[in-house]
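A.B. asks: Show me how the following folds:
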Amino acid sequence: MSLPVLFGANVDPVWADPGQPLRVARQVEEAGLDLVTVQDHPYQSAFYDAWTLISYLVGATRKVTFVPTVANLPLRPPAMLAKSAASLDVLAPGRIQLGLGTGAFWDAIAAMGGPRREAKDAVTALDEAVEITRQMWSGERSVRFKGEHYSVSGVHPGPTPAPGLGIWLGAYGPRMLALTGRKADGWIPSYGFLGLDRLPDAVARIDAAARDTGRDPSSLRKVYNLNGMIGPVESAEPFQGNVLQWTDLIVGLVREVGMNGFVYWPDADHLRQLTLFALQVVPAVRAELAD
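C.D. replies: The predicted structure follows:
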């Protein structure tokens, strides 16, 4: 089952100019893109709370889907996070996907009262969070789960979201990639952390884990966060050149690597860059893929 290729843009959750996130989100929607991503770093003083902002933006737009990239699990207990996502899915059907990760910036997390975890424990905690989230979305009358890091004991879950609400993991290491293939609905890595040279191997690991558990790898959403700049001329650097170079790169990533979603994070000049991406790069990619 092949998924349609989706396109989106990042909206920084900054509050220095209170209306900026909404202006950008509306521009993304009006330009016909599919996704808006929002960083979740609650300890960052320059940022709004991501879930509060996403809820506000959902109510102020009409059709674009929002994805936290990625929800900060150490500061958001999974049962509550699952309930938040399910609630938003019921209130605004099809407008949310749950991006989820292990956490990072452990000093800042600890300063805000969260746990400090070693890499192995962080992956185990995420695995448990996925299990709890699935149970909280199950529609069952009562659910229980006992893990090393998280537990629920006879909680009554609700509301029940639509089947389209998925879990997209920000995954890079071998254990995380395997977890994505086994249990997640999607994958949302970033170019800045996973370059073009390492991307095919990561996709292969996810696909192998999916096949090992009887899942169809092509049914998984694979979204690449692209940081860069669209310029007037060719560049030797990926995602720094002109529209034609961007188009060729993205088409290659779909056809040769298996990616099926792309979210643009401009390095600067955000509104103009997003316009170039939405009105020039995306139509060119769609036209190439339609051939």
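A.B. asks: Please make it C-alpha for all contacts and neighbour counts, starting now.
C.D. replies: Noted.
A.B. asks: Show me what the helix or strand bottoming out on mean pLDDT in the chain is packed up against.
C.D. replies: Scoring the helices and strands of the chain by mean pLDDT, DSSP states H and E places helix 270-276 at the bottom, with a mean of 93. In terms of contacts (3 or more C-alpha pairs under 8 Å, 6 or more residues apart in numbering; DSSP states H and E), helix 270-276 is packed against helix 20-30, strand 261-266.
A.B. asks: Most tightly packed of these?
C.D. replies: Counting by mean count of other C-alpha atoms under 10 Å, strand 261-266 has the highest mean neighbour count of the helices and strands packed on helix 270-276, with a mean of 23.
A.B. asks: export that strand as CSV, just CAs?
C.D. replies: Only the C-alpha atoms of strand 261-266 are listed here, as CSV (Å, rounded to 0.1, in the frame of the first residue of the first chain):
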residue,chain,number,x,y,z
GLY,A,261,6.7,13.3,3.2
PHE,A,262,8.8,16.4,3.4
VAL,A,263,8.7,19.3,5.8
TYR,A,264,10.6,22.5,5.1
TRP,A,265,12.5,24.3,7.9
PRO,A,266,14.0,27.5,6.2
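A.B. asks: Any figure for the gap between V36 and F66?
C.D. replies: 5 Å (C-alpha to C-alpha, to the nearest Å).
A.B. asks: To clarify, my last question referred to D49.
C.D. replies: 14 Å.
A.B. asks: Could you do V155 as well?
C.D. replies: Using C-alpha to C-alpha, V155 is found at 27 Å from F66.
A.B. asks: Comparing the two, which residue is more hemmed in?
C.D. replies: The neighbour comparison of V155 against F66 (other C-alpha atoms under 10 Å) goes to F66, with 26 against 16.
A.B. asks: Contact partners for the more buried one?
C.D. replies: Each residue near F66 by C-alpha atoms under 8 Å, 6 or more residues apart in numbering is listed here: L35, V36, T37, V38, I54, V58, R95, I96, Q97.
A.B. asks: In this structure V251 contacts A287, no?
C.D. replies: No: using C-alpha atoms under 8 Å, V251 makes no contact with A287, being 9.9 Å away.
A.B. asks: So between those two, which is more surrounded?
C.D. replies: More crowded of V251 and A287, by other C-alpha under 10 Å: V251, with 21 against 11.
A.B. asks: Read off the pLDDT value for the more buried one.
C.D. replies: Listed pLDDT for V251 reads 98.
A.B. asks: next one: A16
C.D. replies: Reading off the model, A16 has pLDDT 97.
A.B. asks: part of a strand, is it?
C.D. replies: No: A16 is assigned coil when assessed by DSSP: H, G, I helix; E, B strand; the rest coil, not a strand.
A.B. asks: Spatially nearest residue to it (excluding sequence neighbours)?
C.D. replies: A46 (7.1 Å; C-alpha to C-alpha, 6 or more residues apart in numbering).
A.B. asks: Against P18, how distant is that neighbour?
C.D. replies: Distance, A46 to P18, by C-alpha to C-alpha: 11 Å.
A.B. asks: got a pLDDT number for the residue nearest to A16?
C.D. replies: 98.
A.B. asks: Could you check how many residues crowd around it?
C.D. replies: By other C-alpha under 10 Å, neighbour count at A46 equals 13.
A.B. asks: for it, what are its contacts?
C.D. replies: Residues counted as contacts of A46 (C-alpha under 8 Å, 6+ apart) are V14, W15, A16.
A.B. asks: Report the buried residues of stretch 111-121.
C.D. replies: If you call a residue buried by 16 or more other C-alpha atoms under 10 Å, then stretch 111-121 has these buried ones: R116, R117.
A.B. asks: Likewise for stretch 137-151?
C.D. replies: Of the residues in stretch 137-151, W137, S138, V143, Y150, S151 count as buried by neighbour count, 16+ other C-alpha under 10 Å.
A.B. asks: So Q135 is in contact with V143, correct?
C.D. replies: Yes: between Q135 and V143 there is a contact under C-alpha under 8 Å: 6.4 Å.
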